[in-house]
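Chemist: After the sequence you'll find the predicted model.
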Amino acid sequence: MFRLRMANRGILRLLLIFCTSFFLIPFKSVSQEQVITAGFQFKPIFSSKFFNMEAKSAADRGVSFEIKPSSGYCMGMVIRKGFTSRISFETGINYVKRNYNLSITDSASTRESGFSIIGYEIPALGLVFIQLSDHIFMDVALGVSLDFYPSDIRTTDDYFEHYSARDSWFSPSILGNLGWEYRTEKSGYFYLGASYHRPFSDTFYSFIVYPEAKDPKAESRLNLQGNYLTLDLRYFFHSDPAKRKKKINK
């Protein structure tokens, strides 16, 4: 046991020395210090049970109702301000479309439909960069997002009535990001990463009525949280660092 503890301590020391040495390596890089740049992004949306994006279900009078998150996308503009070579701030505005599958199962059959929720996001993120080579950087970002929902959602068919009401016209969320970017001398930045978006509370309440059930009608209410996982594809335009103004002593 003593030898195992000593070995673990030795490994931890080696890792500490490696990380310290890594940060002290003198890279010749494309710096972001005092750079204000803009770009655009496209982020496909994925659902994952690991990130609590599973289906919501309920039952009433022998009828089962289920709403399952499906694919979607987020796209928009990004503005980045570099404060130092390793710290930046990002904001922008995004258009988000999230798709959902609705299924209703009774004793005879299962019927399916779908609907989409449209929203807009204004994120505010703090980024920390780690330089991996002359042109490749890894970043970790954390921040918040103000999400806006312009309207409620209503879908109907011969066998059901569905209405999703927003909890509020805006909702705050927490936003985390991990990614890598390749910085060129004159052609801008190319970025690949992933983000997790989680509202602080439920965003929509879905009400479903199934008239074909025995009187009275089968009904259900399901809460939609609206969290999602994305693959991030970004491009930032080239921008030269802002020149600092020299103070003139009178």
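Modeler: Arrived safely, thanks for sending. Residues are numbered from 1 along each chain as shown.

Chemist: contacting residues around residue 47?
Modeler: Applying C-beta atoms under 8 Å, 6 or more residues apart in numbering, we find residue 47 in contact with 53-54, 68-71, 228-229. For the C-beta atoms, the positions are set from N, CA and C on the backbone; glycine is no exception.

Chemist: what do you get if the cut-off is 7 Å, keeping everything else the same?
Modeler: 53, 69-70 (C-beta atoms under 7 Å, 6 or more residues apart in numbering).

Chemist: Scan the residues you listed and report the most crowded one.
Modeler: Neighbour counts for the contacts of residue 47 (other C-beta atoms under 10 Å) peak at residue 69, which has 24 neighbours.

Chemist: Setting the sequence-adjacent residues aside, check what's closest to it.
Modeler: Leaving out its chain neighbours, the residue that sits closest to residue 69 by C-beta to C-beta, 6 or more residues apart in numbering is residue 47, at 4.2 Å.

Chemist: Phi, psi for the one you found please.
Modeler: phi -100, psi 150 (degrees, to the nearest 10).

Chemist: quick one on the thing from earlier: wait, which of the contacts of residue 47 is closest to residue 82?
Modeler: Closest approach to residue 82 among the contacts of residue 47 (C-beta to C-beta): residue 53, at 32.9 Å.

Chemist: Would you mind measuring from the residue nearest to residue 69 to residue 181?
Modeler: From residue 47 across to residue 181, the span is 26 Å (C-beta to C-beta, to the nearest Å).
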